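Chemist: Build me a structure from this.
(one chain, ligands or ions: 1)
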Amino acid sequence: MIIAIDGPAASGKGTIARRLAQHYGLAHLDTGLLYRATARVLLDSGLRLDDPARAVAAARGLALTDFEEDKLRGAKMGEAASIVAAIPEVRSALLDMQRKFASRPQGAVLDGRDIGTVICPDATAKLFVTASPEVRAQRRALELRSRGERVDYADVLADIRRRDERDAGRSAAPLVAAADAARLDTTDLDVERAIAAAVAIVERAKR
Ligand code: CDP
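Modeler: Just a heads-up that it's a prediction; the model follows:
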């Protein structure tokens, strides 16, 4: 069974993906980390984020040592990731490894922006997770503060709006719900309610 989860920043898709993976005993890939790691390799080498040739080389050359999560989860790397993610050649360079991950015999849970539309169009279950920008900014500010970042709510909200616009407005695999995705609005849901709703969606899709 393949579960595809897409949605904008801090919508709750990562938490839902992790919990669904646990619930069904499936492997989980947070595909945002691929774009974050690509951006980090470029920034660490002092290279521009919008140079397609360099960005593709960085994406193709990703190694396990580039995935130290504490260096990738910050606000700066989220913004940088959305810049490299808008380059069509970078998306192509990362496509095969995502499909390979999804093709393991038991299946998998993948979360990102284009899983239901591009990476796994035949997924068993597709969820498009949303929440209001204000609630997403509150969640992200809390998360960043718990990681020790000093952030201002207004800046986080502005960052989320800018990223939504860039991710939805790009021509390559824009952030959009697949026609057959079930929408899950988590604005007024706590984590446990959101997980219960997500499991119900998957159970319906499995039939
Ligand atoms: O956790 P959050 O939603 O803030 O970010 P993320 O999922 O780690 O993604 C960071 C950025 O990578 C997004 O803003 C997208 O531009 C890009 N991304 C993408 O284009 N396609 C994916 N499948 C995953 C992430």
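Chemist: Only C-alpha atoms from now on, for both contacts and neighbour counts.
Modeler: Fine.
Chemist: which phi and psi does Ala27 have?
Modeler: As for Ala27, its main-chain torsions (degrees, to the nearest 10) stand at phi -70, psi 150.
Chemist: What of Ser103?
Modeler: Torsion angles, degrees, to the nearest 10, at Ser103: phi -90, psi 10.
Chemist: for Cys120, same thing?
Modeler: According to degrees, to the nearest 10, Cys120 has phi -130, psi 70.
Chemist: Run through the helices of the chain in chain order.
Modeler: For the chain, the helices defined by DSSP state H occupy 13-24, 32-44, 52-60, 69-72, 75-84, 88-102, 133-146, 153-169, 191-206.
Chemist: Render the CA-only coordinates of the shortest one in PDB, please.
Modeler: Yep, that's helix 69-72 we're talking about. Once non-C-alpha atoms are left out, helix 69-72 reads as follows in PDB (Å, rounded to 0.1, in the frame of the first residue of the first chain):
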ATOM      1  CA  GLU A  69      18.100  16.600  10.300                       C
ATOM      2  CA  ASP A  70      19.000  19.200  12.900                       C
ATOM      3  CA  LYS A  71      20.900  21.100  10.100                       C
ATOM      4  CA  LEU A  72      18.000  20.800   7.700                       C
END
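Chemist: near the ligand, anything from that helix?
Modeler: No: applying CA under 6 Å from any ligand atom, one finds helix 69-72 separated from the ligand by no less than 8.3 Å.
Chemist: Buried residues, that helix. List them.
Modeler: Going by neighbour count (16 or more other CA atoms under 10 Å), the buried part of helix 69-72 is Leu72.
Chemist: gap between the nearest residue to Ile119 once chain neighbours are set aside and the ligand?
Modeler: Closest residue in space to Ile119, ignoring its immediate chain neighbours: Arg99 at 6.2 Å, by CA to CA, 6 or more residues apart in numbering. Distance of Arg99 to the ligand, given as CA to the nearest ligand atom, to the nearest Å: 12 Å.
Chemist: in the chain, which helix or strand is least confident?
Modeler: Within the chain, no helix or strand scores below helix 69-72, which has a mean of 92 by mean pLDDT, DSSP states H and E.
Chemist: contacts for that one?
Modeler: The contact list for helix 69-72, computed with CA atoms under 8 Å, 6 or more residues apart in numbering, reads 33, 36-37, 40, 78.
Chemist: quick revisit: among the helices of the chain, which is nearest Cys120?
Modeler: Nearest to Cys120 among these is helix 88-102 (7.1 Å), distances taken as CA to CA.
Chemist: could I have the closest one exported to CSV, CA atoms only?
Modeler: Coordinates of each C-alpha in helix 88-102 appear next as CSV, following Å, rounded to 0.1, in the frame of the first residue of the first chain:
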residue,chain,number,x,y,z
PRO,A,88,12.5,21.4,-13.0
GLU,A,89,15.8,19.6,-13.5
VAL,A,90,16.3,19.3,-9.8
ARG,A,91,12.9,17.7,-9.5
SER,A,92,13.7,15.2,-12.3
ALA,A,93,17.1,14.4,-10.6
LEU,A,94,15.2,13.4,-7.4
LEU,A,95,12.3,11.5,-9.0
ASP,A,96,13.8,8.0,-9.4
MET,A,97,15.0,7.7,-5.8
GLN,A,98,11.5,8.7,-4.6
ARG,A,99,9.8,6.2,-6.9
LYS,A,100,12.2,3.5,-5.9
PHE,A,101,11.5,4.1,-2.2
ALA,A,102,7.8,3.9,-2.9
